[in-house]
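S.K.: sequence-free structure coming up:
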């Protein structure tokens, strides 16, 4: 269980989340760079989750969902610092 936590922490340190005027971008880079984007005007649902321990250290998960012609798209921002600030940045117009 301890090693799973270390792997998750390492993976989260390689993932970056950006909120621009038109998009939410998730970038992950290890050997190759992966990037996933979601237009902000298509976001239909935002869910913020924090466990009691995560509340103490001000960390949480934010799930963004959008629906489009090709179905439902989802971005989950995991273990981000100050998730409330991230939610406000996504909601700002």
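M.R.: The structure has been received and is ready for your questions. In this text, all values refer to a predicted model and were calculated from it rather than measured experimentally.
S.K.: Quick one: end-to-end distance for stretch 57-76.
M.R.: As for stretch 57-76, its first-to-last residue distance stands at 19 Å under the measure Cα to Cα, to the nearest Å.
S.K.: what residues does it touch?
M.R.: Stretch 57-76 is touched from outside by 24, 26, 36, 38-39, 42-50, 54, 77-84, 86-87, 90, with contacts defined as Cβ atoms under 8 Å, 6 or more residues apart in numbering. Every C-beta, even on glycine, is put in place using the N, C-alpha and C of the backbone.
S.K.: Buried only: go through those residues for me.
M.R.: Among the contacts of stretch 57-76, those scoring as buried are 24, 26, 38, 43, 50, 77-80, 83, 86-87, 90 (criterion: 16 or more other Cβ atoms under 10 Å).
S.K.: May I ask which two of those are separated the most?
M.R.: Across the buried ones among the contacts of stretch 57-76, the longest distance by Cβ to Cβ is 21.7 Å; it joins 38 and 50.
S.K.: Strands along the protein, start to end?
M.R.: Per DSSP state E, the chain carries strands over the ranges 15-19, 23-29, 33-39, 43-49, 59-68, 71-81.
S.K.: Right, I'll leave it there.
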